[in-house]
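> Got a sequence here, can you build the structure:
(one chain, ligands or ions: 1)
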Amino acid sequence: MIIHIDMDAFYASVEELDNPQIKTRPVIVGGPSKQRGVVSAANYEARKYGVHSAMPMITASRLCPNAIIIKPRHQRYSEVSKQIKAIFFRYTPLVQPLSLDEAFLDVNQSTRLFGSPIAIAKRIKSEIQSELNLTASVGIAPNKFLAKLASDADKPDGFVIVNESEIQSFLDPMPVNRLWGVGKSSAKRLEEQAIYSVYDLRRKKLDQLENIFGTQTAQHLYNLSRGIDGRKVNVESVTKSISRETTFSNDIDDLTEIRRVFVILTENVCERMRGENLFAKTIQIKYRRKDFKTFTRSDSLVHATNQTDTVWKTVSQLITNHIVKSVTPLRLVGVGLTNFSQDNELQPDLFENTDYTLDKISDRINTKFGSAALSRAKGLSKTDPKKQ
Ligand SMILES: [Mg+2]
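As a prediction, this is how the structure comes out:
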């Protein structure tokens, strides 16, 4: 059995922990302001008004004008996250964090010491409660895919077990968009085939699905509708950041030129990220002025990504905001990715972004022929940056 543990309204709960008098009020963590940015987390009081994470702040503050708005304090959340992880490690070394507030645990080697997976999960949940004064929702199931759905099935403070014999009764009534990798546009394509629930999906034969979705996606959907998922709890990756920078042979003040170099660097770091099967949440640019003063500027996404175009949008915005005529000429620029999630638990919609496939193809060609072989047209540069 696999355990998935997911903290309830994590950022908002940490804020309540540090400031108990806000507990009875609606709390929205997000920003930078009421007008700008998106909701990172909302407590359950705020959710009563329809506020949820990833919602634009402006919508959230219209739905819930009395909410207390708090800017995210990532450092504090990662501090608490470490304490939570320390509790997991009491019971197993096989911990795969997906983000600051959720993780998969494989406790199958720990049962002689600590009892059944259910007993272990109960202990972890109660230790999180008693030691950190936070609630977690727990899912226990034969594999990762089902355990994640189970932890979400009875939030907050949930504890849901899905045994082998209950898989189909658990999955069948679910809408298809609950399946891993099925987002809005995939769900739409499934609906066009009159597939609304997992049950509808399961009634389709594999070759029927193949005709509609292609071999790979069909197999994925076919397996998930039957609760089949062979992925192991993956503890390997410890990559903390991926970055690439380049020093110009001559200082550059042409903003278009600078932007072109940023495209090449962005493609490079994204390619490496995908090579390690990582998904980044925080994107950083770096630039050094003629006087050697060096600056870094970063921004975080709501959902981790491994897609070049999504990363590029953020890089481009950071450039627009910070690299203006007055800071040029520049001697060096760089792009960095941090705050990784492992594995593809946070996989984007299967069909949503066709560029995902383009990224993959581009990686293959680059591996084969070297990095310069394929670069999108917007990255083609007169200046060939010296690689470091
Ligand atoms: Mg959570």
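> Who are the contact partners of the nearest residue to Ser298 once chain neighbours are set aside?
Excluding its sequence neighbours, the residue lying closest to Ser298 (Cβ to Cβ, 6 or more residues apart in numbering) is Gln284, at 3.9 Å. The C-beta positions use only the backbone N, C-alpha and C, and glycine is treated the same way. Residues in contact with Gln284 (Cβ atoms under 8 Å, 6 or more residues apart in numbering) are Ser243, Thr296, Arg297, Ser298, Leu318, Val335, Gly336, Leu337, Thr338.
> for the residues you listed, which one is nearest Ile84?
The closest of those to Ile84 turns out to be Thr338 (Cβ to Cβ; 19.9 Å).
> Which parts of the stretch 101-250 of the chain are helices?
In the stretch 101-250 of the chain, the helices defined using DSSP state H, counting those that start in this stretch lie at 111-114, 117-132, 144-152, 167-171, 184-192, 198-202, 206-213, 215-225.
> got CSV for these, with mean neighbour count and mean pLDDT too?
What follows is the helices of the stretch 101-250 of the chain, written out as CSV (neighbours: other Cβ atoms under 10 Å; pLDDT from 0 to 100):
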stretch, mean neighbour count, mean pLDDT
helix 111-114, 12, 94
helix 117-132, 17, 98
helix 144-152, 24, 96
helix 167-171, 16, 97
helix 184-192, 15, 85
helix 198-202, 19, 97
helix 206-213, 15, 91
helix 215-225, 18, 90
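> returning to that earlier point: now the residue nearest to Ser298: which helix or strand?
In this assignment (DSSP states H and E), Gln284 forms part of strand 278-289.
> list the contacts for Ala9?
Listed by Cβ under 8 Å, 6+ apart, the contact set of Ala9 reads Ala41, Ala42, Asn43, Tyr44, Arg47, Pro156.
> quick one, what contacts the one residue in the stretch 101-250 of the chain that gets nearest to the ion?
Going by Cβ to the ion, the ion is nearest to Asp101 of the stretch 101-250 of the chain, at 4.4 Å. Listed by Cβ under 8 Å, 6+ apart, the contact partners of Asp101 are Asp6, Met7, Phe10, Tyr11, Tyr77, Ser81, Ile84.
> Any figure for the gap between it and Ile84?
8 Å (Cβ to Cβ, to the nearest Å).
> what do you get for Gly183?
Per Cβ to Cβ, Gly183 is found 28 Å from Ile84.
> Grab the nearest non-local neighbour of Leu94.
Distance criterion Cβ to Cβ, 6+ apart; nearest residue to Leu94, sequence neighbours excluded, is Asp106 at 3.9 Å.
> I'd guessed the one you found sits against Ile2; true?
Yes: with contact defined as Cβ atoms under 8 Å, Asp106 counts as touching Ile2 (6.0 Å).
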